[in-house]
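Trainee: no sequence on this one, just coordinates:
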């Protein structure tokens, strides 16, 4: 536990990281100067706490091994990239080594459940603010409210706006990508929450998110949001406690019915202001899935990208071309080694061996997350994290989100909770004497 003298330092540390997390969620890939300052403050706080108590940093042996394998395999393929004179090899160090190392440090200093309560509040607040921002921007453009009242928080060089097409609309705002995690996170909380007031809050947030997902016109976002219902169902099936599983399954079925009502309400609210044709939305989803035969420009670009990456991979299938390599197709002049097809690009860069190791590490996180779904306390925290993370991993198949610092928290939040569970499970999770005390704080 935290000593009283260090309590304020930990509180400042948790608050500073929560602020950084909020900026990463709501303002991804922008305002980097502010984020650098916050990172500097976090590092200084770490050093101060460590100076007072060398035992303050703690990780379980399993989690530490996970990081060592990840950093080792990353270092190897960066070295391969440097040997091959890849233009992005050195630049890849931040994503492959530096940011994971930073998250290892953060993970080692988490020793109170208050940290997870705090970041959950960030997720909830962001789940309100992102749809509210999108709807306000949309209504301003529809002249329902004066557009001159709208304040654009994003730099002008970042693409955003509204497209009006025959039968559907499209809203493009950078922070919508955070909904790949937040949507399933809120959905899962809505399905499993027992407290009626909190359940009502999650229901309102779910309605807001559903509206903005339909408005976004982003086919991947629509698809992932729909799949998250199935992901939650699969996780509930893997809960060991039969009584708890039955209870959650009944809850799930009842709430699915409410979810359908939410979607219908969302559709009619949107259709009130815009000429929306549901069949056109379905047709756009079909186009996204018809990889080779689509006439959609973005789908065609990914189609060309796919074969260029596979051609490069075939030259060295075991070890790939190393991080920072560039294929015959370039999607970004600033970062020619970055590709939208993230997993195909990983295969191109790290080969079968690297891809297999990273896949095993990801599977370990999911497997350990499922293993600790033993009681409602763990389910309340871990299940929303798992659902959000897996949904985001699916979305990353067609977007390189995980190559940016602002999205890496999505991978590491579940690891933080797994590490916390391994270190303190005897004290909080398996000791019946302390279980009621823990439940009281976890519900705060």
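Mentor: Perfect, I can see it now. The model shown is predicted, which means the values in this text are computed figures rather than measured ones.
Trainee: now the helix or strand hosting residue 140, how far from the centre of its chain.
Mentor: Assigned by DSSP states H and E, residue 140 belongs to helix 114-141. On the basis of Cα atoms, centre = their mean, to the nearest Å, helix 114-141 sits 14 Å off its chain's mean C-alpha point.
Trainee: Let me see the mean pLDDT of that helix.
Mentor: Regarding helix 114-141, the rounded mean pLDDT is 89.
Trainee: For this structure, give me the ranges with low pLDDT.
Mentor: Applying pLDDT under 70 to the chain flags the ranges 1-7, 141-143, 146-148, 150, 156-171, 259, 262-263, 266-267, 269-297, 426-444.
Trainee: got the contact list for residue 332?
Mentor: residue 338 (Cβ atoms under 8 Å, 6 or more residues apart in numbering). For glycine as for every other residue, the C-beta is placed from the backbone atoms N, C-alpha and C.
Trainee: How about the secondary structure of it?
Mentor: Under DSSP: H, G, I helix; E, B strand; the rest coil, the three-state class of residue 332 is coil.
Trainee: go on, residue 328?
Mentor: coil.
Trainee: Would you agree it is in contact with residue 315?
Mentor: No: counting by Cβ atoms under 8 Å, residue 328 does not reach residue 315; the two are 11.0 Å apart.
Trainee: So what's the residue count around the residue lying closest to residue 96 once chain neighbours are set aside?
Mentor: Leaving out its chain neighbours, the residue that sits closest to residue 96 by Cβ to Cβ, 6 or more residues apart in numbering is residue 74, at 3.9 Å. Look at residue 74: counted by other Cβ atoms under 10 Å, it has 22 neighbours.
Trainee: quick revisit: what packs against the helix holding residue 140?
Mentor: helix 7-26, strand 161-165, strand 168-172, helix 179-192, helix 196-216, helix 409-424, helix 432-442 (3 or more Cβ pairs under 8 Å, 6 or more residues apart in numbering; DSSP states H and E).
Trainee: show me the contacts for residue 351.
Mentor: Residue 351 makes contacts with 313, 316-320, as judged by Cβ under 8 Å, 6+ apart.
Trainee: Apply 7 Å and report the result again.
Mentor: 316-320 (Cβ atoms under 7 Å, 6 or more residues apart in numbering).
Trainee: cool, and residue 390?
Mentor: The neighbours of residue 390, taking Cβ under 7 Å, 6+ apart as the test, are 231, 366.
Trainee: Let me know the secondary structure of it.
Mentor: helix.
Trainee: coming back round to it: so which of the contacts of residue 351 is the closest to residue 193?
Mentor: Among the contacts of residue 351, residue 320 lies closest to residue 193 (Cβ to Cβ), at 43.9 Å.
Trainee: how about the nearest residue to the closest one, chain neighbours excluded?
Mentor: Distance criterion Cβ to Cβ, 6+ apart; nearest residue to residue 320, sequence neighbours excluded, is residue 351 at 3.4 Å.
Trainee: what about that neighbour, distance to residue 80?
Mentor: Here residue 351 is placed at a distance of 9 Å from residue 80 (Cβ to Cβ, to the nearest Å).
Trainee: where do the contact lists of those two overlap?
Mentor: Shared contacts of residue 351 and residue 80, defined by Cβ under 7 Å, 6+ apart, are found at residue 319.
Trainee: Most tightly packed of the helices and strands packed on helix 114-141?
Mentor: Highest mean neighbour count among the helices and strands packed on helix 114-141 (mean count of other Cβ atoms under 10 Å): helix 179-192, with a mean of 27.
Trainee: Helix 7-26 and that helix, what's the angle between them?
Mentor: Interaxial angle, helix 179-192 versus helix 7-26 (axes from the mean of the first three to the mean of the last three Cα atoms, to 10 degrees): 110 degrees.
Trainee: helices and strands around helix 179-192, which ones?
Mentor: helix 114-141, helix 196-216, helix 219-237, helix 242-273, helix 376-395 (3 or more Cβ pairs under 7 Å, 6 or more residues apart in numbering; DSSP states H and E).
Trainee: Tell me which of these lies nearest to residue 67.
Mentor: Judged by Cβ to Cβ, the one of the helices and strands packed on helix 179-192 that comes nearest to residue 67 is helix 376-395, at 16.8 Å.
Trainee: gap between that closest one and the chain center?
Mentor: Its chain's average C-alpha position is 10 Å from that of helix 376-395, according to Cα atoms, centre = their mean.
Trainee: Checking the closest residue to residue 28 other than its chain neighbours next. Helix, strand or coil?
Mentor: In space, residue 28 comes closest to residue 406 once its chain neighbours are excluded; the distance is 4.0 Å by Cβ to Cβ, 6+ apart. For residue 406, the assignment made with three-state DSSP gives helix.
Trainee: isn't residue 406 right next to residue 29, touching?
Mentor: Yes: applying Cβ atoms under 7 Å, one finds residue 406 in contact with residue 29, separated by 5.6 Å.
Trainee: Tell me which of the two has more neighbours.
Mentor: Neighbour comparison, residue 406 and residue 29: the larger count goes to residue 406, with 23 against 18 (by other Cβ under 10 Å).
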